[in-house]
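In: My questions concern the predicted model and sequence given below.
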Amino acid sequence: MSTGTTAPIFSRLSEIVGNSNVIADAAQLSAYEIDGQRPSAVARPASSREVAEVVKFAASEKLAIVPVGARTKTGIGMPPRQYDIAVEMTRLDRVVAYDPGDLTLGVEPGIPLRRLEGVLAGHRQFLPLAVPFMNEGTVGGAIASGTDSSLRQLYGTARDFVLGMEFVTGDGQLVKSGGHVVKNVSGYDIHKLMIGALGTLGVITRINFRTFPLPAETRTYVTAFSGVDGACAFRDAIAGSHLRPQSVEILGARQGNSLVGGESLRELLGDGEWTVVVSAAGHRPVLERYRRDMEALARRADGNLLESFGELGEADQETVAAYIREFAATVPEQTGPTAIFKISTLPGRLAGLAESLVSCAEPRDVPWSMMMRGVGVTYVKLRATDGTAESLRRLKDACSMVFRGSEEGDWGRAVLIACPLEFKREIDVWGKASGDLTLMQGLKKVFDPGNVLAPGRFVGGI
């Protein structure tokens, strides 16, 4: 947009949120780029009313907005078709309601995850949002991006503990859905459509959660196998037992992948092995039984492939937990161009999926690392060995093979959640559209009739 076009935008946004809360300086706007596209202005509202006014203004002027928080996950999705205003939600950062006795909590979306964690810990409670970018991210970003938590094995996804929301639709209407109590039958759970929608259906202004008591103690058990079949057989044995762990993760890596924790983590998880990491919570006698029962299950699962079984100390437990939590975070540039897939499949298909993914990477000399959750969600990182055109070609080739296997085989649905920008010019990161696309397009028209909210970023160009 020209300076002459930008001036009225700046003026109107200043009327809504205050002059000091509008950014139009080119140098500052660069921090809000999404896939190389830079907005003309940034508005920083401090209330749901101000958010609604900003959206109404954008709709009236046929401008496109993208809601952002700490901007840790803006690489998810396709580039926006139009991007005029970034609506930064970090000033909406309050705890607006908290009843520890009822295990209910209401917060604004801009509150940092770590700050909220501290508030809840003061009452011996927590939210099972152990998500990537935990140290920098906001609650709203975690919910709007649908980011996976490493604790979903026991606690489910955000859909299971988000009780209600307040959000602004594409025509500037302020909508409330759900409630503030754990048992609520007041209407349809419309707010669940906002989870993982990347702000394409509404701008979230408040989220109500169910909270959980902090466990008395947590322990982590690490079991190494020489093959993926043994690791997956162990996962199946746990699922069929009386044990109910917090998390079950299967980790693997090949061809010299550098692990986040350096050599100390490599010693804990092994290099060139498949490792099952199980986290369990409870009182000491319960956890001692976990250790005995899991070791027995590991040996029965596939004794020929079992290499070791052990329990981590407290410091090592935190190191491994951070590696698992941050696995799907964007990789720093110095590690080389990287693509990260999220693939949802049935738990019984994990071993076959792992072997298929390896067959996409290794023949093309593409280093890989993998994390398979016990519930069936798999993350795989594929890395170019360097920044040369040939290395990038091999990486793109491997990504195309993953999508082909997902579409033609029984791998499950694949989504490319991070990749070099140039890939997005040739590859749709959402993969082939499924049969529910028409329904999704209909919902988009209802919630955002003017196509104001993050156009083009979601599935099928929504």
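Out: It's in.

In: out of everything not next to it in sequence, what's closest to Ala351?
Out: Cys232 (4.0 Å; C-beta to C-beta, 6 or more residues apart in numbering). Yep, even glycine has a C-beta here, placed from its N, CA and C like the rest.

In: Quick check: that neighbour touching Ile250?
Out: Yes - taking C-beta atoms under 8 Å as the definition, Cys232 is a contact partner of Ile250 at 6.8 Å.

In: Could you measure from the residue nearest to Thr138 when sequence neighbours are not counted over to Arg413?
Out: In this structure, Thr138 finds its nearest non-sequential neighbour in Gly69, 3.8 Å apart by C-beta to C-beta, 6+ apart. Computed as C-beta to C-beta, to the nearest Å, the Gly69 to Arg413 distance reads 26 Å.

In: So which of the two has more stuff around it?
Out: Remark: of Gly69 and Arg413, Gly69 carries more neighbours, 28 against 14, as counted by other C-beta atoms under 10 Å.

In: Return the per-residue confidence for the more buried one.
Out: According to the prediction, Gly69 has pLDDT 96.

In: Nearest residue to the residue nearest to the spatial centre of the chain in space, ignoring adjacent ones along the chain?
Out: Central residue of the chain (C-alpha atoms, centre = their mean): Thr147, 1.8 Å from the mean position. Counting by C-beta to C-beta, 6+ apart, Val131 is the residue found nearest to Thr147 once chain neighbours are left out, at 4.4 Å.

In: residue contacts, that neighbour?
Out: Shown in contact with Val131 (C-beta atoms under 8 Å, 6 or more residues apart in numbering): 113, 137, 142, 147-150, 325.

In: okay, those residues in TSV with distance to Ser177, secondary structure and pLDDT next?
Out: Shown next, in TSV, are these (distance: C-beta to C-beta, whole Å; DSSP: H, G, I helix; E, B strand; the rest coil; pLDDT from 0 to 100):
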residue	distance to Ser177	secondary structure	pLDDT
Leu113	23	helix	97
Gly137	23	coil	96
Ala142	18	helix	97
Thr147	21	coil	91
Asp148	23	coil	90
Ser149	22	coil	94
Ser150	27	coil	91
Arg325	29	helix	94
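
In: Isn't Trp274 up against Ala253?
Out: No - Trp274 lies out of contact with Ala253 (C-beta under 8 Å); the separation is 9.4 Å.

In: Just want to know which of those two has more residues nearby.
Out: The neighbour count for Trp274 versus Ala253, taken as other C-beta under 10 Å, is higher for Trp274 (27 against 22).

In: how deep is Gly442 tucked in, by neighbour count?
Out: By other C-beta under 10 Å, neighbour count at Gly442 equals 10.

In: picking that back up, dump the residue contacts of the residue nearest to the centre of the chain.
Out: 73, 131-132, 141, 328 are the contacts of Thr147 under C-beta under 8 Å, 6+ apart.

In: Show me the residues you listed that map onto helices.
Out: Gly141 (DSSP state H).

In: so Leu287 makes contact with Tyr221?
Out: No - contact criterion C-beta under 8 Å: Leu287 and Tyr221 do not qualify, at 9.4 Å.

In: Find the residues that touch each one of the two.
Out: In contact with both Leu287 and Tyr221: Ala280, using C-beta under 8 Å, 6+ apart.

In: Tell me where the model's unsure across the stretch 201-350 of the chain.
Out: For the stretch 201-350 of the chain, the stretches flagged by pLDDT under 70 are 255-272, 302-304, 330-335.

In: And the strands in it?
Out: 203-210, 212-213, 218-225, 247-254, 274-281, 306-311, 338-344 (DSSP state E, counting those that start in this stretch).

In: between the ones you listed, which one is nearest to Arg124?
Out: With respect to Arg124, and counting by C-beta to C-beta, the nearest of the strands of the stretch 201-350 of the chain is strand 212-213 at 6.3 Å.
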